[in-house]
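In: Could you look at this predicted model? Sequence included:
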Amino acid sequence: MVTSVAITGAAGAIGYALAFRIASGALLGPDEQVRLRLLELPSAMGALEGVAMELEDCAFGTLAGVDLADDARVAFDGVSHALLVGARPRGPGMERGDLLAANGAIFRDQGAALEAVAADDVRITVTGNPANTNALVAAHHAPSIPRSRISALTRLDHNRAVARLAAKVGAGVADVRRMTIWGNHSATQVPDVAHALVGGRPAPDLVDAAWIADDLVPTVAQRGAAIIAARGASSAASAASATIDHARTWVHGTAEGDWTSMAVVSDGSYGVPEGLVSSFPVTVVDGEWRIVPGLAIDDVVRARIDASIAELVDEREQVRALGLL
Ligand code: NDP
């Protein structure tokens, strides 16, 4: 069997890192065949041809084929995974509203295209920013795709928090379980270690509240800016890796006793208004995610979640005012 996976913005920095890893089996595994459906803007089709040439030259045994398109209805035809990476970056002098308008229109059209031509089992992962609200817009224009199949990426934030906590306590990343990211994939995101375990021990017994507030939360939230400052370009390989982690966990599930973070359509859990795309701790079994119920949330984390939710509500109002919802 061959599984079709679409990547948008496939000639961009993240797309370039993503395509080769998926082609080599990192998403579906070494025994599955993948067909890549790569979407780009017409102006980037030349660069995309180059990506396709390199994919061919890798001679990956797991790669059944590569299709290039500048039309979403062609690229998304029959896809089981849609990894929506391509988005308009914030340019000089661009207001947040301009960014929401430019990207809202892209994700409106891509939602409609997925509705029309994607496979029945399609799973949609939005990486392109503003990811949560882009996913909200895409979902609105894909009404027959189950809400549970539409998500946005907070796995990179999750992975960053896992790595930071592990380094702090001198553990391996594999020893860290039950990390949580709440809210928007933005500077207001809420890394939460209150329920995390390190080697089976509660993280709050190993790190103090001041380290969480003054180090973990700002470091994770500002990690993207720190990487731009260090390498002169935004994070690409780690964002691609997290996109694969997200999609692979969605198919293969979370480990017993663990959970992951995904931005999903809220059912009203934890006071997040129904319908907003917000990050939650989720378990995944048999390809279906479920928000972890009943976690206690202290006042500090509650206030941070409320601020992030307020930002998501504001973004929703802006795209609504633009006629995108
Ligand atoms: P990148 O590949 O670096 O980034 C793509 C998107 O991912 C951006 O919105 C970026 O947000 C976002 N992103 C999410 N998480 C991260 C993270 N941790 N680090 C960095 N970025 C993150 O952008 P490029 O400009 O290199 O490539 C974008 C490509 O998309 C271009 O080739 C362009 O032609 C294409 N494109 C395709 C479209 C389509 O297929 N219809 C539509 C629009 C663009 P942020 O901007 O905040 O960094």
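Out: Happy to help now that I have it.

In: Could you state which residue of the chain sits nearest its centroid?
Out: residue 153 (1.4 Å; C-alpha atoms, centre = their mean).

In: thought that residue was touching residue 126?
Out: Yes: with contact defined as C-beta atoms under 8 Å, residue 153 counts as touching residue 126 (6.7 Å). Every residue, glycine included, has its C-beta placed from N, CA and C.

In: Can you tell me what sits against the helix or strand where residue 230 lies?
Out: Using DSSP states H and E, residue 230 falls within helix 223-231. Helix 223-231 is contacted by residues 160, 219, 234, 235, 238 when judged by C-beta atoms under 8 Å, 6 or more residues apart in numbering.

In: can you do 6 Å?
Out: The contact list for helix 223-231 (C-beta atoms under 6 Å, 6 or more residues apart in numbering) reads 160, 234, 235.

In: So which bits of that helix are buried?
Out: Neighbour counts using 16 or more other C-beta atoms under 10 Å place 223, 224, 227 of helix 223-231 among the buried residues.

In: average pLDDT for that helix?
Out: If you average the pLDDT over helix 223-231, you get 94.

In: how about it, does it reach the ligand?
Out: Yes: counting by C-beta under 6 Å from any ligand atom, the ligand has neighbours in helix 223-231: residue 224.

In: now the angle from whichever helix or strand comes after that helix to helix 223-231?
Out: Remark: after helix 223-231, the chain's next helix or strand is helix 237-252, criterion DSSP H and E. Orientation check (axes from the mean of the first three to the mean of the last three C-alpha atoms, to 10 degrees): helix 237-252 against helix 223-231 gives 140 degrees.

In: how about helix 237-252: buried residues?
Out: 238-251.

In: on that earlier part again, please report how far the residue nearest to the centre of the chain lies from residue 142.
Out: Going from residue 153 to residue 142 by C-beta to C-beta, to the nearest Å gives 18 Å.

In: what's the burial count for residue 258?
Out: A count of neighbours around residue 258, defined by other C-beta atoms under 10 Å, yields 15.

In: repeat for residue 151
Out: Residue 151 has 27 neighbouring residues, counting by other C-beta under 10 Å.

In: Ok, residue 75 next?
Out: 26.

In: thought it was touching residue 36?
Out: No: contact between residue 75 and residue 36 fails when scored by C-beta atoms under 6 Å: they sit 9.8 Å apart.

In: and residue 257, which of the three is it?
Out: coil (DSSP: H, G, I helix; E, B strand; the rest coil).
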